[in-house]
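S.K.: sequence unavailable; structure follows:
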């Protein structure tokens, strides 16, 4: 399966544990073949930008997706979620959706949903993805990402 991505000058993209950045003055088109996890900069959080529990939770999800590290990162996300719920109970619906997506193995969608932690707002599409997954729609994470991006 091939994923086609157009990147603007200076725009980074994460592919697995690697960060690629366009250094030319022109838009660059990448064709990515294989099953490596891909995350555009608009969905990523920089490690040096992590200041509080919101960013730490997002970074844990990002690491889970990019490195395939479902163990330690998932525990760290769980701890951050509990901390966030104590401080900001209004985040409960978003965190429930994220945990639902993780239970279904939809880590990429969980990363996308986590952007709402920084600016809470209802997102029916993500809620529907988590609900359909829990109702038995178990598509692999990578395939859904390719279908949406391709």
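M.R.: Happy to help now that I have it. All of these numbers come straight from a predicted model, not from anything done at the bench.
S.K.: got a list of what residue 53 touches?
M.R.: When contacts are counted by C-beta atoms under 8 Å, 6 or more residues apart in numbering, residue 53 touches 80, 83-84, 87. C-betas here are computed from N, CA, C, even on glycine.
S.K.: between those residues, which is closest to residue 67?
M.R.: Closest approach to residue 67 among the contacts of residue 53 (C-beta to C-beta): residue 80, at 16.9 Å.
S.K.: who's in contact with that closest one?
M.R.: Here residue 80 is in contact with 53, 56-57, 60 (C-beta under 8 Å, 6+ apart).
S.K.: and residue 5, what pLDDT?
M.R.: Residue 5 carries a pLDDT value of 92.
S.K.: quick one: average pLDDT of stretch 42-55?
M.R.: 84.
S.K.: before we move on, the earlier item: buried ones from the contacts of residue 53, can you make that a PyMOL selection?
M.R.: The PyMOL selection below is limited to those of those classed as buried (16 or more other C-beta atoms under 10 Å):
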select buried, resi 80+84
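S.K.: now, which of the contacts of residue 53 lie within strands?
M.R.: When strands are assigned by DSSP state E, not one member of these lies inside them.
S.K.: find the residue at the geometric middle of this structure.
M.R.: residue 111 (1.9 Å; C-alpha atoms, centre = their mean).
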